[in-house]
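[1] Let's see this in three dimensions:
(chains A, B and C)
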Amino acid sequence: MTTLVDVPASAQTATRPSAPRRRRGQTWPFVLILLGPSAVLILVFIVLPAVYGLWLSLTNTQLTGFAARDPKFVGLDNYTYLLTSADFLNSLGQTGTFLLFSAIIGQTVLGMVAAILLSRPWIHGKGFFGAAVLMPMVVPEVVASLTWASVLATSPEGTLNRLLNIFGGEPTAWLQTAPMMAIILVNIWRGLAFAMIMFQAALEDVPAELIEAARVDGAKAVQVFRHVTLPLIRGPVFLYLLLTTISTVGVFGLVYFLTRGGPGGQTRIAAIYIYERALQFSQIGIGSAASIILLVIVLVLGAVYVRLAKVEV
Amino acid sequence: MTILRSRTAAPVLNPRRRRRLRPVDVAQRSVGYVLIVLLALFCLVPFAWVVLSAVDADAGATVQIPAFSFDNFIRFFTASGTPLLLINSLVIAISSTVLNLVLGIAGGYALSRFAFPGRRFFMFGILLIRVIPAPATIIALYLIMVNLGLANTLHGLIIVQAVSGLPVTLWLMKGTVDAVPVELEEAAWTDGNTRLQAVRRIVLPLIGPGLGAAAMLMFMGSWGDFLTPLVMLQNQDLYPLAIGLFRAFSERNVIDWGLLAASAVIYVLPPAVLYMLVRKHLLKSSLGGALKG
Amino acid sequence: MKRTYVAAAFTASVVAAAGLTGCSAGGGDGSDGSVTITIMETKQTNIDAISKEIPGFEAEMAEQGKDIKVELIADVLTDEQFMTKMTQQLIAGQAPDVLDIGENMAISWSSAGYLAPLDDYLSEWDGWSHYYPAVKEAITRQDGQVYSLPSGAGVLNLFYRKDILTELGVDTSQPETWDELIGRLVEVKEKTGDTPIVIPAGTAWGGGTWGEGFMPLLGGTDTEFYDTETDTWDLESPGWLAVFELYDDLVSNGLMPVEDLQNPNPWEPTKYEKFPEGEIQVAAQGTWGWKFDWGPNGATPIEGLVEKVSTWQFPGLRSGDKPYGWSNTGGGYAISEDSENKEAAWEFIKYLSTGEPLAEQLVASGAASARDDLDDVAPYSEEPQLLQAGEDLGESVFVVTGDGAAQIGQAVASATELILSGQADGQQAYDAFVKDATDLLGPTLVKE
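    Numbers count the residues shown, from 1 in each chain, chains lettered A, B, ... in the order given. Have a look, this model is predicted:
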């Protein structure tokens, strides 16, 4: 990081031919006026909350009760509490399940399938299929939840129950009997389009000659994909995994709307846990510590992806 | 481009193409079609309830053949609470987008045109910010908002949303301004324009697509946001549609399903229309900026 | 007609746009000496009841030469949503002047310093002497001050479907012990296949699991669980385990609707669907069930309510316990500490807590009077169930608790949830509760 800071301005201008060659004395006032407001706002509304959250996580701050009058520094107590609390560990486990099955497996595989199919020259109606896949991404979270509430509705008239009825299935209370599966399905549905778009862009960059060459050598489609295409789009795939990990860990509305973490805490993913602790139970200290733990996990995952992607960031 | 390529390639491909239409290929294509149709159904079927119920005079919680009527939409605009939800949503999303763009253009221009120490640090710093999941900082942010006197106000929410989208906008705008040759600007200066005039006459007209992409991302982000208004706003007169719909849905006893579905359709329209309008033009630049940046 | 709506929408939009450039709650003083106070209500019955009283109050104030206006903030919310939202507003100093709160909120907010103490006002008010001593005790917080004035009081009992039990040939006399009642419930289950009883439990019910379920059961068999001398919670008091085991009995015998209880808004399928349908035959319920839940203007009206439904007292749990009702009085009207118009707010609370205005509210929401001078005031005097509850109030049990009630409520909710989901029996749930409560309360609030 420090090397980045110390990069001399002249070195950078040299690498960018179109950058203006101006004397530094004239630069600062412009930069301050143009970029200053953004920098200050980012500092106050993004960086400060993160730092403040770190501080709160080391205190017993509450919003109600006597502790609200006089918050105290409690060191790592909140962290020890959380890391030994079955509730929180369950919640992390559920976040992991949700992330693995909905984002890492579901969205990626289906997004790839959609991207490949829509890149086939023989598929007709690409515009329609593309728009169909995009719809779930375009609608706001709340509407997405609303649509799925009707699909997963308990009564025999729920859309899914009706569909299953055609094949002789029994009506099921999906959000009660398989709540985790339900929210995983919904998140796949919602994230599929973004995966598809990213993979489409990546596939376009794969030289057609390479694929043709492999085909001529007699490789099957699956083999071509595994040995030629996949290695070439490795970077974008891991970049996608990074982005979807961040956004999936941040999913709140979908789950809050459909199950509110229930039944019996079976879908209490970390975002719901944090909201419950901090705002419903007003235990800001514990909620903040949970946030920091979540943040650390995301950072670690991010570092792993970047490693695996073998790309320079 | 594609036309040219397929023309030149045609003679080579033709013999093989005929060969490929054997049963194996037919089967492969059929599987392909089945898959894509299933995917499309998976994506579209959930919308059935919203679409049908919105035009159903006696809509319920589940899919049914509608008793067709536009009554639900009329009620949306005449009911006591719902128009205000729409207005709040518009005020919030438009204001935060405008604020975000103004800051983003100015900042992006500075990042692109001026070389100053710490520039790269700043760029990567704000990229790293993207890693923070929103729920992780929302509580601390709320307490800060309370101290600033901005909690439970529309302008407070607008600032928070505008700033939360700022890292992406700054990256996008920097990339977009980079693409405008500085020589054009320099030529304008020599013609006697001030720096600001040069920006207005030369740069702004040329960054349209990037600006559109940034605006769309910001607008959709703000329009669809649920967590931030849920935490920041407690006064029901300030609620946007996201919260209004959630509230209407939670009152299970007395849900007016038709009105709810109509509200959902109205809520979906702006981002959907916006997206479909600009999709072709902006997909590349928005993704390019977000990814390659 | 339509045109007025459009005009209203337009006005609203202009107001909303203006709101952007700075506005805040809490009217404040006008330059002409007029004062606007705000009050928030979150239950439809209360919203209707209060909006009916506002003109009378404003007229009375005008007669006294005071220009006080009241703005009602009507927002239908669950208790949990209300508590979350209002806690945030109190911190931000944006809360309404007058709040209508429950006991757990009174405890949590008064100890945090968000509510104004009412003692000075009460000592100068002639109405205060009419409140029952038990009520005064229940609303005195651990610092010795009063922060909320109850609009009414309720008695928690077991409401049961007399019509259905009679039809099934099940005994409807007051059960003396839980064993006896469980025997009858098993009988109902065998005959109907229903889950015959609902008592708030689990995390989805929120604060109600403690306040309207567990605590009434606990307090009936053990009043020592909170030590008012040291303001601490005695987690080793024997009643805790007994109640967890009762929950376990009810669940393991298949008598509770465990699936409904684990979903968001668990009161909807149970109290508002199955009890009115007769598919749940017994429910732990306060006096307000007669109006707020099942009355003609309630959430789910039951036609012919007083013929179909009757009440039992809670049966005894451990040997030697007698049947009892549990009184519920701890909340009421409070004034937020940041209010700039405390005097005017107090005037309004006084008005709401006296004579006919009070009687009307009690009837609307279904509550017994907390005052001894209301039995002859119409329309309250015309409600036999409420008058009866008022009489029962004198004999019902109550335990005053203090800081930490919210944390206890949470620990109880999580521990009963373990029973609902079949992950723990009574003893295991109790152990989990003790561990959780000890962590949440911290060292100062647990009795050594």
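[2] Flag every buried residue along stretch B:56-68.
    For stretch B:56-68, a neighbour-count test (16 or more other C-beta atoms under 10 Å in any protein chain shown) marks B:56, B:59, B:60, B:61, B:62, B:63, B:66 as buried. Heads up, the C-betas are built off the backbone N, CA and C, glycines and all.
[3] Nearest spatial neighbour of the first one, chain-adjacent residues omitted?
    Once flanking residues are discounted, residue B:56 sits nearest to residue B:66: 3.4 Å by C-beta to C-beta, 6 or more residues apart in numbering or on different chains.
[4] Make sure that neighbour is indeed in a helix.
    No - Residue B:66: not assigned to a helix; according to DSSP: H, G, I helix; E, B strand; the rest coil it is coil.
[5] can you list the residues of chain C near chain A?
    Residues of chain C found near chain A (C-beta under 8 Å from any C-beta of the partner chain) are C:80, C:83-84, C:87-88, C:91, C:107-109, C:111-114, C:202-204, C:206, C:259, C:262-264, C:403-404, C:406-407, C:410, C:414, C:417, C:420-421, C:439-440, C:442.
[6] can you pull the buried residues of stretch C:137-147?
    For stretch C:137-147, by 16+ other C-beta under 10 Å, it's C:138, C:139, C:141, C:142, C:145, C:146, C:147.
[7] Could you do stretch B:23-41 as well?
    The neighbour-count check on stretch B:23-41 (16+ other C-beta under 10 Å) flags B:28, B:32, B:33, B:36, B:39, B:40 as buried.
[8] For those, which two are the farthest from each other?
    With C-beta to C-beta as the measure, no two of the buried residues of stretch B:23-41 lie farther apart than B:28 and B:40, at 18.8 Å.
[9] coming back round to it: please list the members of the buried residues of stretch B:23-41 that lie in helices.
    Counting by DSSP state H, the part of those found in helices is B:28, B:32, B:33, B:36, B:39, B:40.
[10] Against chain A, which of those residues make the cut? List them.
    Restricting those to contacts with chain A (C-beta under 8 Å from any C-beta) yields B:28, B:32, B:33, B:36, B:39, B:40.
[11] Let me know whether whatever helix or strand residue A:94 lives in sits next to chain B.
    Per DSSP states H and E, residue A:94 falls inside helix A:86-98. No - using C-beta under 8 Å from any C-beta, helix A:86-98 stays clear of chain B, coming no nearer than 10.1 Å.
[12] what about that helix, distance to the chain center?
    Centroid separation for helix A:86-98 versus its chain: 16 Å, with C-alpha atoms, centre = their mean, to the nearest Å.
[13] Can you give me the buried ones in it?
    A:87, A:88, A:91, A:92, A:94, A:95, A:97, A:98.
[14] from those, which single one is nearest chain C?
    Looking at the buried residues of helix A:86-98 and their distance to chain C, the nearest is residue A:87, at 6.7 Å (C-beta to the nearest C-beta).
[15] Let's check: the centremost residue of the chain is which one?
    Reading this off chain A. residue A:247 (1.9 Å; C-alpha atoms, centre = their mean).
[16] Please refer instead to chain C.
    Nearest residue to the geometric centre of chain C (C-alpha atoms, centre = their mean): residue C:102, 5.2 Å.
[17] nearest spatial neighbour of it, skipping sequence neighbours?
    If the residues on either side of it in the chain are set aside, residue C:102 comes closest to residue C:331, at 4.2 Å by C-beta to C-beta, 6+ apart.
[18] need the residues of chain A near chain C, please.
    A:60, A:62-69, A:81, A:85, A:87, A:173, A:175-176, A:259-260, A:262-265, A:279-283.
[19] still on that earlier bit, what's the residue nearest to the centre of chain C sitting at in phi/psi?
    phi -90, psi 180 (degrees, to the nearest 10).
[20] quick one: contacts for it?
    Shown in contact with residue C:102 (C-beta atoms under 8 Å, 6 or more residues apart in numbering or on different chains): C:79, C:207, C:211, C:330, C:331.
[21] from those residues, which ones fall inside helices?
    residue C:79.
[22] Next, count neighbours for the residue in the stretch 251-400 of chain C positioned nearest to chain A.
    Closest contact between the stretch 251-400 of chain C and chain A, by C-beta to the nearest C-beta, is at residue C:262 (3.4 Å). Residue C:262: 24 surrounding residues under other C-beta atoms under 10 Å in any protein chain shown.
[23] Who are the contact partners of it?
    So, once contact is read as C-beta under 8 Å, 6+ apart, residue C:262 ends up touching A:176, A:262, A:263, A:264, C:202, C:204, C:417, C:420, C:421.
[24] taking the mean pLDDT, what do you get for the host helix or strand of the first one?
    Secondary structure assignment for residue A:176, by DSSP H and E: helix A:174-177. For helix A:174-177, the per-residue pLDDT values average out at 82.
[25] What is the subsequent helix or strand relative to that helix?
    Downstream of helix A:174-177, the next assigned helix or strand under DSSP H and E is helix A:179-204.
[26] Show me what counts as buried in that next one.
    Quick answer for helix A:179-204 (16+ other C-beta under 10 Å): A:179-203.
[27] list the contacts for residue C:354?
    residue C:127.
[28] Roughly how far does the residue nearest to the centre of chain C sit from chain B?
    Using C-beta to the nearest C-beta, to the nearest Å, we find residue C:102 at a distance of 18 Å from chain B.
[29] Select the helix or strand of the chain having the lowest average pLDDT value.
    I went with chain A, as the question did not name one. None of the helices or strands of chain A scores lower by mean pLDDT, DSSP states H and E than helix A:2-6, at a mean of 32.
[30] you looked at the wrong chain, it should be chain C
    Least-confident helix or strand in chain C using mean pLDDT, DSSP H and E: helix C:2-20, a mean of 40.
[31] quick revisit: which two in the buried residues of stretch C:137-147 are spaced the farthest apart?
    C:138 and C:145 (13.7 Å).
[32] Show me whatever sits in contact with both of those two.
    Contacts common to residue C:138 and residue C:145, judged by C-beta under 8 Å, 6+ apart, are absent.
[33] coming back round to it: now for the contacts of residue C:102: which two are most distant?
    In the contacts of residue C:102, the most distant members under the criterion C-beta to C-beta are C:79 and C:330, with 13.0 Å between them.
[34] between the two, who's got more neighbours?
    Regarding residue C:79 and residue C:330, a neighbour count based on other C-beta under 10 Å identifies residue C:330 as having more, with 25 against 19.
[35] backbone phi and psi for that one, please?
    Backbone torsions for residue C:330, taken as degrees, to the nearest 10, come to phi -70, psi -10.
[36] Could you find the closest non-adjacent residue to it?
    residue C:103 (2.7 Å).
[37] what does residue C:260 give?
    Using C-beta to C-beta, 6+ apart, the nearest residue to residue C:260 is residue C:269, at 4.2 Å.
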